[in-house]
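J.: How does the following fold in three dimensions:
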Amino acid sequence: MKNIHHEFAYQSRELGAQIEDTLGEPPDRKSYAIVIKSLIGEFASGSELDDVNLLSFALADYLRFDDPAGLLAQCEHYDKGDALKVVGMVSCADEDANKALTAVCNSNPELARKAIITSFLFKNPKRWVQEDNSLEALQQEEDGAKDEEDDLASGQDIAHLFDAHDD
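T.: Now for the predicted structure:
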(Lines give C-alpha, C1' and ligand atoms only; values in the text may rest on other atoms or scores of the structure.)
Protein backbone atom coordinates (compact mmCIF):
# COMPACT_ATOMS: atom_id res chain seq x y z
CA MET A 1 0.00 0.00 0.00
CA LYS A 2 2.61 2.54 -1.00
CA ASN A 3 4.34 2.53 2.42
CA ILE A 4 1.20 3.43 4.35
CA HIS A 5 1.51 2.31 7.96
CA HIS A 6 -1.24 -0.20 8.73
CA GLU A 7 -2.53 1.90 11.66
CA PHE A 8 -3.08 4.91 9.37
CA ALA A 9 -4.93 2.67 6.91
CA TYR A 10 -7.05 1.32 9.76
CA GLN A 11 -7.79 4.79 11.19
CA SER A 12 -8.78 6.05 7.74
CA ARG A 13 -11.22 3.20 7.24
CA GLU A 14 -12.61 3.72 10.75
CA LEU A 15 -13.11 7.41 9.95
CA GLY A 16 -15.17 6.46 6.91
CA ALA A 17 -17.32 4.12 8.97
CA GLN A 18 -17.78 6.75 11.68
CA ILE A 19 -18.89 9.34 9.13
CA GLU A 20 -21.35 6.90 7.54
CA ASP A 21 -22.75 5.93 10.94
CA THR A 22 -23.16 9.56 11.98
CA LEU A 23 -24.83 10.55 8.72
CA GLY A 24 -27.24 7.64 9.01
CA GLU A 25 -29.57 6.25 6.41
CA PRO A 26 -31.00 8.33 4.88
CA PRO A 27 -28.20 10.86 5.44
CA ASP A 28 -29.06 13.52 8.01
CA ARG A 29 -26.65 16.33 7.19
CA LYS A 30 -28.09 18.62 9.87
CA SER A 31 -27.34 16.20 12.72
CA TYR A 32 -23.94 15.46 11.19
CA ALA A 33 -23.11 19.19 11.11
CA ILE A 34 -24.16 19.54 14.76
CA VAL A 35 -21.86 16.68 15.80
CA ILE A 36 -18.93 18.15 13.84
CA LYS A 37 -19.52 21.63 15.27
CA SER A 38 -19.64 20.21 18.78
CA LEU A 39 -16.38 18.30 18.31
CA ILE A 40 -14.65 21.33 16.82
CA GLY A 41 -15.81 23.39 19.80
CA GLU A 42 -14.40 20.80 22.21
CA PHE A 43 -11.01 20.74 20.52
CA ALA A 44 -10.90 24.54 20.08
CA SER A 45 -11.57 25.05 23.78
CA GLY A 46 -8.53 22.96 24.65
CA SER A 47 -10.30 19.72 25.48
CA GLU A 48 -7.88 16.97 26.30
CA LEU A 49 -9.60 14.44 24.06
CA ASP A 50 -6.72 12.28 22.89
CA ASP A 51 -8.44 10.46 20.05
CA VAL A 52 -7.07 10.47 16.51
CA ASN A 53 -10.35 9.37 15.04
CA LEU A 54 -12.42 12.07 16.76
CA LEU A 55 -10.04 14.85 15.70
CA SER A 56 -9.91 13.47 12.15
CA PHE A 57 -13.70 13.28 12.15
CA ALA A 58 -13.99 16.90 13.29
CA LEU A 59 -11.47 18.31 10.79
CA ALA A 60 -11.74 16.09 7.70
CA ASP A 61 -14.21 18.33 5.88
CA TYR A 62 -12.29 21.52 6.69
CA LEU A 63 -8.67 20.67 5.94
CA ARG A 64 -7.06 21.64 2.65
CA PHE A 65 -4.14 19.42 1.79
CA ASP A 66 -1.59 21.83 0.35
CA ASP A 67 1.20 19.25 -0.11
CA PRO A 68 -0.35 15.87 -0.98
CA ALA A 69 2.97 14.30 -1.99
CA GLY A 70 4.55 15.41 1.27
CA LEU A 71 1.66 14.06 3.31
CA LEU A 72 1.80 10.74 1.50
CA ALA A 73 5.50 10.55 2.32
CA GLN A 74 4.68 11.07 6.03
CA CYS A 75 2.35 8.04 6.15
CA GLU A 76 5.07 5.45 6.57
CA HIS A 77 5.43 5.67 10.36
CA TYR A 78 2.53 5.96 12.77
CA ASP A 79 4.36 6.54 16.04
CA LYS A 80 7.02 8.91 14.82
CA GLY A 81 7.08 11.76 12.40
CA ASP A 82 7.57 15.47 12.05
CA ALA A 83 4.38 17.02 13.44
CA LEU A 84 5.33 20.61 12.57
CA LYS A 85 6.15 19.60 9.01
CA VAL A 86 2.80 17.82 8.62
CA VAL A 87 0.86 20.74 10.10
CA GLY A 88 2.62 23.00 7.60
CA MET A 89 1.25 20.90 4.74
CA VAL A 90 -2.38 21.77 5.45
CA SER A 91 -4.51 24.85 5.79
CA CYS A 92 -7.95 25.44 7.15
CA ALA A 93 -10.22 28.27 5.95
CA ASP A 94 -12.93 27.76 8.57
CA GLU A 95 -12.14 29.93 11.61
CA ASP A 96 -13.47 27.52 14.25
CA ALA A 97 -11.84 24.47 12.68
CA ASN A 98 -8.57 26.41 12.43
CA LYS A 99 -8.83 27.27 16.15
CA ALA A 100 -9.36 23.60 16.95
CA LEU A 101 -6.38 22.55 14.84
CA THR A 102 -4.18 25.25 16.38
CA ALA A 103 -5.21 24.31 19.92
CA VAL A 104 -4.42 20.64 19.34
CA CYS A 105 -1.14 21.49 17.59
CA ASN A 106 -0.09 23.50 20.63
CA SER A 107 -1.13 20.93 23.23
CA ASN A 108 -0.59 17.62 21.41
CA PRO A 109 1.27 17.97 18.11
CA GLU A 110 1.49 14.19 17.61
CA LEU A 111 -2.29 13.90 17.81
CA ALA A 112 -2.62 16.67 15.22
CA ARG A 113 -0.09 14.94 12.93
CA LYS A 114 -1.89 11.61 13.11
CA ALA A 115 -5.32 13.20 12.59
CA ILE A 116 -4.14 15.22 9.59
CA ILE A 117 -2.63 12.16 7.92
CA THR A 118 -5.72 10.07 8.71
CA SER A 119 -7.97 12.76 7.21
CA PHE A 120 -5.71 13.02 4.17
CA LEU A 121 -5.84 9.28 3.54
CA PHE A 122 -9.61 9.24 4.01
CA LYS A 123 -10.12 12.12 1.58
CA ASN A 124 -7.63 10.74 -0.98
CA PRO A 125 -8.19 6.98 -1.14
CA LYS A 126 -7.15 6.67 -4.80
CA ARG A 127 -3.65 7.79 -3.84
CA TRP A 128 -3.10 4.77 -1.64
CA VAL A 129 -5.87 2.17 -1.46
CA GLN A 130 -5.17 -1.07 -3.18
CA GLU A 131 -7.12 -4.21 -2.44
CA ASP A 132 -4.76 -6.39 -0.46
CA ASN A 133 -5.69 -10.01 -1.02
CA SER A 134 -2.45 -11.43 0.28
CA LEU A 135 -2.57 -14.35 2.67
CA GLU A 136 -1.16 -12.10 5.42
CA ALA A 137 -3.89 -9.47 4.98
CA LEU A 138 -6.62 -12.08 4.96
CA GLN A 139 -5.14 -13.66 8.11
CA GLN A 140 -5.09 -10.28 9.89
CA GLU A 141 -8.71 -9.68 8.89
CA GLU A 142 -9.69 -13.12 10.18
CA ASP A 143 -7.80 -12.53 13.44
CA GLY A 144 -9.71 -9.27 13.91
CA ALA A 145 -13.00 -11.08 13.42
CA LYS A 146 -12.01 -13.67 16.03
CA ASP A 147 -11.17 -10.90 18.50
CA GLU A 148 -14.66 -9.42 18.04
CA GLU A 149 -16.25 -12.83 18.61
CA ASP A 150 -14.30 -13.24 21.84
CA ASP A 151 -15.81 -10.06 23.31
CA LEU A 152 -18.65 -12.07 24.90
CA ALA A 153 -17.27 -14.44 27.47
CA SER A 154 -18.93 -17.73 28.24
CA GLY A 155 -21.67 -17.32 30.84
CA GLN A 156 -21.78 -13.54 30.42
CA ASP A 157 -25.20 -11.93 30.82
CA ILE A 158 -26.42 -11.22 27.30
CA ALA A 159 -30.02 -10.27 28.06
CA HIS A 160 -29.24 -6.66 27.20
CA LEU A 161 -28.64 -7.72 23.59
CA PHE A 162 -32.31 -8.48 23.06
CA ASP A 163 -35.25 -6.11 22.99
CA ALA A 164 -38.31 -6.36 25.23
CA HIS A 165 -40.05 -8.70 22.76
CA ASP A 166 -37.29 -11.34 23.09
CA ASP A 167 -36.35 -11.02 19.41
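J.: can we go C-alpha only for contacts and neighbour counts from here?
T.: Noted.
J.: Now tell me which helix or strand of the protein has the poorest mean pLDDT.
T.: Lowest mean confidence among the helices and strands of the chain (mean pLDDT, DSSP states H and E): helix 135-149, at a mean of 59.
J.: Pull out the buried positions in the longest helix along the chain.
T.: Of all the segments of type helix in the chain, defined by DSSP state H, the longest one is helix 6-23. Buried residues in helix 6-23, counted by 16 or more other CA atoms under 10 Å: 7-9, 11-16, 22-23.
J.: can those go into a markdown table with extra columns for distance to residue 114 and pLDDT?
T.: Formatted as a markdown table, the buried residues of helix 6-23 follow (distance: CA to CA, whole Å; pLDDT from 0 to 100):
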| residue | distance to residue 114 | pLDDT |
| --- | --- | --- |
| 7 | 10 | 91 |
| 8 | 8 | 91 |
| 9 | 11 | 90 |
| 11 | 9 | 92 |
| 12 | 10 | 91 |
| 13 | 14 | 91 |
| 14 | 14 | 92 |
| 15 | 12 | 92 |
| 16 | 16 | 91 |
| 22 | 21 | 89 |
| 23 | 23 | 87 |
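J.: And the residue nearest the centre of the protein?
T.: By CA atoms, centre = their mean, the mean C-alpha position of the chain lies nearest to residue 53, the distance being 3.3 Å.
J.: Just name the closest of the buried residues of helix 6-23 to residue 109, please.
T.: Minimum distance to residue 109 across those is 16.3 Å, recorded for residue 8 (CA to CA).
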